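Novice: Dropping a prediction and its sequence here:
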Amino acid sequence: MVYRLGTQFDFSSSWFQTSVGRLTGYWDAGYTYWVGDETASNHSLSFTPVFVYEFAGQSVRPFVEAGIGVALFSSTEMEDNDLGSSFQFEDRVGLGLRFANQEVGVRALHYSNAGLQTPNDGVEAYTLHYRLSF
């Protein structure tokens with residue numbers, strides 16, 4: 001089980017705007033609490049730039065997103081996985097819907113040290129998310 005609390009800051013500009021949609025993005029900073037069954041629970045801090053392609057729409061705007069950032073874990077052990085180091089890269093892909101000042105979606109997150117240390121078992125998380133913009 002994974003619990004995550006994050007904050008996001010939108011990029012100040014967008015690119016390739018057409019009648020189909022636009023490319024934009026956000027900076028994501030998060031704290032994640034990883035509940036473990038076999039080993040002690042783990043904590044991580046992450047920071048990731050995320051690029052978003054938002055399709056055009058009046059009231060509902062579908063989107064896809066992808067990003068690569070960095071994360072620091074409190075322990076290199078995660079269940080049966082040995083991360084090799086506390087420093088990890090965070091890769092993410094997701095999709096969802098934006099409406100009014102809200103967003104719902106799904107994401108896949110992968111953490112790995114990219115072979116900088118061995119072992120490099122890595123770990124994944126799959127999330128449902130909700131975002132409220134102020």
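Specialist: Here it is on my side, so go on.
Novice: Off-centre distance for the helix or strand of the chain with the lowest mean pLDDT?
Specialist: Each helix and strand of the chain was given a mean pLDDT (mean pLDDT, DSSP states H and E); the minimum falls on strand 77-78 at a mean of 84. How far strand 77-78 lies from its chain's middle: 19 Å, per CA atoms, centre = their mean, to the nearest Å.
Novice: Contacts for the helix or strand that that strand is followed by next, please.
Specialist: If you walk from strand 77-78 toward the C-terminus, the next helix or strand you reach (DSSP states H and E) is strand 81-82. Residues outside strand 81-82 that contact it (CB atoms under 8 Å, 6 or more residues apart in numbering): 76, 119, 121-123. C-beta: built from backbone N, CA, C; applies to glycine.
Novice: Tell me where this protein is predicted with low confidence.
Specialist: Residue ranges of the chain with pLDDT under 70: 38-40.
Novice: Look up how far Gln17 lies from the most centrally placed residue in it.
Specialist: For the chain, the residue nearest the mean C-alpha position is Arg92 (5.0 Å; CA atoms, centre = their mean). Taking CB to CB, to the nearest Å as the measure, Arg92 falls 24 Å from Gln17.
Novice: who does the helix or strand hosting Gly67 pair up with?
Specialist: Element membership of Gly67 [criterion: DSSP H and E] is strand 60-73. In the sheet, strand 60-73 lines up against strand 42-55 (antiparallel), strand 87-99 (antiparallel) (DSSP bridges).
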